[in-house]
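1. The sequence isn't on hand, but the structure is:
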């Protein structure tokens with residue numbers, strides 16, 4: 001039907017062109033941002049799920065960083081304890097040497113001086129072993145809590161107890177004079193006991209380090225899986241979007257052409273008058 005006042009065909013063509021333009025704008029936005037869900041209006045349910053997944057991903061990322069920090073802390077403590085073990089082994093050798101016979105004069109005094117110097121080094125190492133300003137081996141850091149998972153609570157936390165490895169702690173405040181056989185023998189017993197104690201403390205730290213490393217590996221895998229799920233939900237399928245973009249471009253060009261022709265219909269009606 002040819003009408004002069006109302007051009008229904010043109011209105012229909014214009015509405016279709018508007019719909020095509022809206023869809024084209026959406027695809028352009030997807031391709032330019034790389035996201036198929038940019039706002040909650042694009043997919044309300046998907047947006048909600050995506051935000052939840054992103055929260056978990058961020059939590060896992062922070063937990064992974066915490067785990068690596070924890071490993072670094074424990075490696076620092078273990079390195080210092082290894083030095084202390086070497087010092088105690090040397091002190092045991094000197095005490096054993098002194099217990100063999102009483103060395104008169106300079107020899108005995110030299111052994112005693114070296115022994116006491118080694119014990120002093122234990123205190124120096126314990127007091128100077130720190131991480132980010134936290135003393136690790138002087139007894140002030142009785143326990144450290146590491147958050148190695150994305151949720152609050154003990155399930156995602158590891159508590160590590162660090163021993164006091166100062167000389168006074170390892171020897172319970174005792175002092176030694178190895179210038180005599182009896183004194184050297186007493187020192188041998190104490191030093192060998194300290195070696196065993198420190199070895200046990202170091203083993204506990206090593207076990208905690210292995211535990212944290214295992215949890216870190218699990219966190220990494222979980223984060224990868226969640227990131228993949230988030231990408232599947234949010235990221236645009238470039239191949240599909242590009243194909244849709246091409247189709248909409250053709251449709252828009254066609255719509256413009258048809259609208260131009262529809263706008264000429266009232267002119268045809270005038271020819272009948």
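-> Arrived safely, thanks for sending. In this text, all values refer to a predicted model and were calculated from it rather than measured experimentally.
2. so where do the strands sit in this protein?
-> 130-131, 134-135, 143-147, 157-161 (DSSP state E).
3. Now render those strands as JSON lines, adding mean pLDDT, mean neighbour count and distance to residue 174.
-> Bear in mind the C-beta positions are built from the backbone N, C-alpha and C, glycine included. Putting the strands of the chain into JSON lines (pLDDT from 0 to 100; neighbours: other C-beta atoms under 10 Å; distance: least, C-beta to C-beta, whole Å) gives the following:
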{"stretch": "strand 130-131", "mean pLDDT": "94", "mean neighbour count": "16", "distance to residue 174": "27"}
{"stretch": "strand 134-135", "mean pLDDT": "92", "mean neighbour count": "14", "distance to residue 174": "23"}
{"stretch": "strand 143-147", "mean pLDDT": "91", "mean neighbour count": "15", "distance to residue 174": "26"}
{"stretch": "strand 157-161", "mean pLDDT": "90", "mean neighbour count": "16", "distance to residue 174": "24"}
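4. Tell me which of those lies nearest to residue 64.
-> Among those, the nearest to residue 64 by C-beta to C-beta is strand 143-147 (10.9 Å).
5. helices or strands next to that closest one in the packing?
-> Where contact means 3 or more C-beta pairs under 8 Å, 6 or more residues apart in numbering; DSSP states H and E, strand 143-147 is packed against helix 44-100, strand 157-161.
6. How many neighbouring residues does residue 122 have?
-> By other C-beta atoms under 10 Å, 24 other residues sit near residue 122.
7. For residue 138, which residues are in contact?
-> Applying C-beta atoms under 8 Å, 6 or more residues apart in numbering to residue 138 gives the contacts 126-127, 129, 164, 166.
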